[in-house]
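Peer 1: Build me a structure from this.
(one chain, ligands or ions: 1)
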Amino acid sequence: MSSSTQDDKDKSQADAELNGDYDLSQAIDSRQGMRQGLTSYGDAHFSLFLRKVFIKALGYSEDALSRPIVGIVNTFSGFNPCHANVPQLIDAVRRGVQLAGGLAVDFPTISLHESFAAPTSMYLRNLMSMDTEEMIKAQPVDAVVLVGGCDKTTPAQLMGGISANKPILHLVTGPMMPGSHKGVRIGACTDCRNNWASFRAGVIDIEEIAALNEELAPTAGTCGVMGTASTMACILVGLGLMPFKGATAPAVSSARLRIAEETGATAVKIISAGDKLKPQALLTRESFLNAIIVLQAIGGSTNAVVHLMAIINRHPAVAGTINLDTFDEIGRLTPLLVDLKPSGSNYMTDFHNSGGMAELLKELRPLLHLDALTVSGKTLGEALDRERSISVPQELRCIQPFDTPLYPASSIVVLRGNLAPGGAVMKASASKDRRLLKHSGKAVVFAGSADLAVRIDDDNLEVTPDSVLVLQNIGPVGNPGMPEAGLVPIPRKLAARGVTDMLRVSDGRMSGTAGGTIVLHISPEAANPESVLGIVRDGDVITCDVEKRLLQVEINDEEIERRREARRVEVEKDGSQHPWKMREKMRGYRGLYMRSVNEADQGADFDFLRAEGSG
Ligand code: FES
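Peer 2: As a prediction, the model looks like this:
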């Protein structure tokens, strides 16, 4: 065959794949299946023979073993109610795979739930990403469906999936349904926090908080507001890794099972597309810019900024082309269009019933990079063209038109200044007292979570509504796992007076389901001997000006350097218990984490897992 004939054939096949017209016979002809990644015994034929001996113990026939193999990542756990429907989803994926002519094989990885992972699920996110990457690489799978949903699961799976670079599709478990209390809809976890704050302030009593406890998570599935899980699900659609309805269909709906079946069938098809739909080829800079547009338009979780930076830095061709400033620049152009808690008032089921991601992305067309490819084999623009608009009465619609947004721009902003030279993040759209978006006040400093717990409700604490609450040492190293403690509670004596918001500043994270005027992810973190956050003292004046994207402490450079030098000496002295010093000798995963985790602005990933390695 002449090279031009071969080129024509390759081109027509590529065109067919781009149009979604896959050729399964090509997949079977070029499959790797059971023959790939053989265990090393020094004799490849024996390795394959032995592999078949063992897999036949499970009852597979030669016909089954000759098919393209789709791995299904099973993240079910009795400690993970967000993943309670995973067994049904796996059944539905398997059905889709087998209807399309493939062989489905599920295998487990770590399962992380927010409330069942000490010290935090974030501490284990990178471990889960390593588990996911290595199991995808180690096992004979031609494509993988990543089933999961809780906050850290989808980021970990995508980080691992990009690094493994076999074809991947995401299938999230889907949001839970809202509950009801005294005739009012409620749902995890925004209403968990609101009601707990009311309980702390003495507005509701112990019986009422107990009744709420029964209703806040009434079904299986992920938190039903625009928390981190929902945010990441929407982002996966923006990246082209899930069908439009995949982000919003309720966990307990039949729609969710049909999406699972469709995902299984698509997984078989993408195998025949060769390298083109592997994540390192499929995902481009434009895919990630689309993801950031989605993040801003949905008023998504600030956690997604950390996760996206970690994901981006896993991608050899995109790492280094997007940083925190990219999020801010996109934010200035992107209106907030989705009216969901915590920025708004609705639940994920309302978003789904309003047309979900397809309707949102149509509104965002003027901003999106429509040529970005999706796992369907079509571009985002082509996929949107095929979606019929649904008609929802405006009063039931929680997606605003592009021209009449809920918030004009910049739901998430990036702040810089001497307090955060590496950047800090704030969800401005979730501020409860907008006066605080431009504010100077005296710092009330807590040295860490333990100090906060002891003193925040002390009647003698010198604090006013204008104070700035500063929480140090809850960054990636300072409090391993960077806990979601950035939502520093309003001191009880102020809450009882009706204060509901104050400017709060930390190097930690905040649940995507929470709201307030909260500055997060300050880099470098306080535990870093070079940080300025770590040397802030009670009474220092802190200025936050969102319009100017400014975060600074009003002390001069000489004083900053004097305090930093004193701290360097303190950290280095013999017997120092400072975590920066202690990490050199820590064992096990804790030691690996403490020595390898990078700053929040880099994604709090392990240095050696980035695309370029530690290098
Ligand atoms: Fe799993 Fe909220 S706890 S999504």
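Peer 1: List the buried residues for stretch 553-561?
Peer 2: Neighbour-count burial for stretch 553-561 flags 553, 555, 560 (criterion: 16 or more other CB atoms under 10 Å). Using the backbone N, CA and C atoms, a C-beta is placed for each residue, glycine as well.
Peer 1: Quick one: end-to-end length of stretch 578-597, please.
Peer 2: Stretch 578-597 has its terminal residues 16 Å apart, counting by CA to CA, to the nearest Å.
Peer 1: before we move on, the earlier item: list just the nearest of the buried residues of stretch 553-561 to the ligand.
Peer 2: Comparing these against the ligand with CB to the nearest ligand atom picks out Val553 as the nearest, at 33.8 Å.
Peer 1: Contact partners for that closest one?
Peer 2: Shown in contact with Val553 (CB atoms under 8 Å, 6 or more residues apart in numbering): 418-419, 443, 532, 536, 540-543, 560.
Peer 1: Leu112 now?
Peer 2: Leu112 is in contact with 80, 121, 124-125, 128, 150-153, 156, counting by CB under 8 Å, 6+ apart.
Peer 1: what does the average pLDDT come to for the helix or strand where Ala197 lies?
Peer 2: For Ala197, the host element (DSSP states H and E) is helix 190-200. In this model, helix 190-200 has an average pLDDT of 89.
Peer 1: Can you list the neighbours in contact with it?
Peer 2: With contacts defined as CB under 8 Å, 6+ apart, helix 190-200 is touched by 186, 204-206, 208-209, 212, 216, 225, 227, 341-342, 487, 489-490, 492, 495, 500, 511, 513-515.
Peer 1: so how many other residues sit close to Asp574?
Peer 2: By other CB atoms under 10 Å, 5 other residues sit near Asp574.
Peer 1: Could I get the phi/psi values of it?
Peer 2: When read as degrees, to the nearest 10, the backbone of Asp574 gives phi -50, psi 140.
Peer 1: and if you look at Gly422?
Peer 2: Phi and psi for Gly422, reported as degrees, to the nearest 10, are phi -90, psi 0.
Peer 1: contacting residues for it?
Peer 2: With contact taken as CB under 8 Å, 6+ apart, Gly422 is in contact with 522-524, 599-601.
Peer 1: In contact with the residue lying closest to it once chain neighbours are set aside, which residues?
Peer 2: Closest residue to Gly422 apart from its sequence neighbours, by CB to CB, 6 or more residues apart in numbering: Ser523 at 3.1 Å. Neighbouring residues of Ser523 by CB under 8 Å, 6+ apart: 420-424, 475, 507, 599-601.
Peer 1: can we see that at 6 Å?
Peer 2: 422-423, 599-601 (CB atoms under 6 Å, 6 or more residues apart in numbering).
Peer 1: For the ligand, state which of the residues you listed is nearest.
Peer 2: Of all the contacts of Ser523, the ligand sits closest to Ala600, with 20.3 Å by CB to the nearest ligand atom.
Peer 1: wait, what's in contact with that closest one?
Peer 2: 306, 521, 523.
Peer 1: Can you flag which of those belong to strands?
Peer 2: Secondary structure defined by DSSP state E assigns 521, 523 of the contacts of Ala600 to strands.
Peer 1: Reformat the contacts of Ala600 as a markdown table; add distance to Lys56 and pLDDT.
Peer 2: Formatted as a markdown table, these follow (distance: CB to CB, whole Å; pLDDT from 0 to 100):
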| residue | distance to Lys56 | pLDDT |
| --- | --- | --- |
| Val306 | 45 | 98 |
| His521 | 51 | 98 |
| Ser523 | 53 | 98 |
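Peer 1: Can you tell me which of the contacts of Ala600 comes closest to the ligand?
Peer 2: Val306 (15.9 Å).
Peer 1: where's the closest residue to Glu554 other than its chain neighbours relative to the ligand, distance?
Peer 2: In this structure, Glu554 finds its nearest non-sequential neighbour in Val541, 4.2 Å apart by CB to CB, 6+ apart. The gap separating Val541 from the ligand is 37 Å, by CB to the nearest ligand atom, to the nearest Å.
Peer 1: go on, Ile72?
Peer 2: Per CB to the nearest ligand atom, Ile72 is found 20 Å from the ligand.
Peer 1: Leaving out the residues flanking it, which one is nearest to that residue?
Peer 2: Ile72 sits nearest to Asp106 (CB to CB, 6+ apart), 4.0 Å away.
Peer 1: Settle this for me: that neighbour is touching Gly71, isn't it.
Peer 2: No. The criterion here is CB atoms under 6 Å, and Asp106 misses it with Gly71 at 7.3 Å.
Peer 1: What about Ala197, how many residues nearby?
Peer 2: 18.
Peer 1: got a list of what the residue nearest to Ser431 when sequence neighbours are not counted touches?
Peer 2: Nearest residue to Ser431, sequence neighbours excluded (CB to CB, 6+ apart): Thr517, at 4.4 Å. By CB under 6 Å, 6+ apart, Thr517 lies in contact with 431, 436, 501, 503.
Peer 1: And the pLDDT at Thr517?
Peer 2: As predicted, Thr517 sits at a pLDDT of 96.
Peer 1: Enumerate the residues of the protein near the ligand.
Peer 2: Within reach of the ligand by CB under 6 Å from any ligand atom, the chain has these residues: 82, 113-114, 150-151, 189, 222-223, 227, 229.
Peer 1: any low-confidence regions in this protein?
Peer 2: Applying pLDDT under 70 to the chain flags residues 1-31, 615.
Peer 1: can you map out the strands along it?
Peer 2: Counting by DSSP E, the chain has strands at residues 69-74, 103-108, 143-148, 168-172, 179-181, 184-186, 412-417, 420-427, 438-446, 468-471, 503-506, 518-523, 541-545, 550-553.
Peer 1: Out of those strands, which is closest to Gly274?
Peer 2: Among these, strand 143-148 comes nearest to Gly274, with 11.6 Å by CB to CB.
Peer 1: quick one: strands adjacent to that closest one?
Peer 2: Paired neighbours of strand 143-148 in the sheet (DSSP bridges): strand 69-74 (parallel), strand 168-172 (parallel).
Peer 1: will you turn these into a markdown table that also has mean neighbour count?
Peer 2: Listed next are the strands paired with strand 143-148 as a markdown table, based on neighbours: other CB atoms under 10 Å:
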| stretch | mean neighbour count |
| --- | --- |
| strand 69-74 | 25 |
| strand 168-172 | 29 |
